[in-house]
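In: What shape does this take:
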Amino acid sequence: MRKAIGAVSVVVGCTLVALPLGGVNSAVAEAAPQVSAVSLPMAAKTSAKKKLYKNCTSLNKKYKHGVGKSGAKDRTSGKRVTNFKKSTKIYNEAMSYNRGLDRDKDGIACEKR
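Out: Next comes the predicted model:
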């Protein structure tokens with residue numbers, strides 16, 4: 001991305017180069033000091049993906065009975081869990097941080113009674 005700041009043209013994230021504006025005759029251009037390209041440090045990545053739900057214990061602190069897709073049904077031979085938080089958006093977010101939260105792949109992460 002290029003931005004003009006006064007007599008300087010800046011390429012964001014790459015280099016900084018002084019450029020003359022308008023018609024400058026050759027005598028003035030030769031008399032002006034030469035500015036070499038200066039490398040700018042790349043911006044540090046601040047949006048590092050942090051593990052929001054490291055395990056089921058951390059997810060169950062916020063969602064006591066787990067979180068699942070809307071319309072998901074618990075796969076179990078015993079009594080089914082039905083009181084989990086129903087939200088496809090939250091389920092997908094949790095799974096993006098840790099795919100192991102839904103080990104039985106029934107659409108409900110960290111379900112418990």
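In: all contacts plus neighbour counts: C-alpha atoms, from now on.
Out: Will do.
In: now stretch 80-98: mean pLDDT?
Out: Summarised as a single mean, pLDDT over stretch 80-98 is 92.
In: buried set for it?
Out: V81, T82, F84, K85, K86, T88, Y91, N92, A94, M95, Y97, N98 (16 or more other CA atoms under 10 Å).
In: Including distance to N60, could the residues you listed go into a markdown table?
Out: Shown next, in a markdown table, are the buried residues of stretch 80-98 (distance: CA to CA, whole Å):
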| residue | distance to N60 |
| --- | --- |
| V81 | 14 |
| T82 | 15 |
| F84 | 10 |
| K85 | 11 |
| K86 | 14 |
| T88 | 16 |
| Y91 | 13 |
| N92 | 16 |
| A94 | 11 |
| M95 | 14 |
| Y97 | 15 |
| N98 | 14 |
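In: What ranges does this structure have for its helices?
Out: 26-31, 56-62, 88-97 (DSSP state H).
In: Identify the residues contacting the longest one?
Out: When you say that, I think you mean helix 88-97. With contact meaning CA atoms under 8 Å, 6 or more residues apart in numbering, helix 88-97 is reached by 50-54, 67-70, 101-102, 107-109.
In: Give me the helix or strand of this structure that scores worst on average pLDDT.
Out: strand 38-39 (a mean of 52; mean pLDDT, DSSP states H and E).
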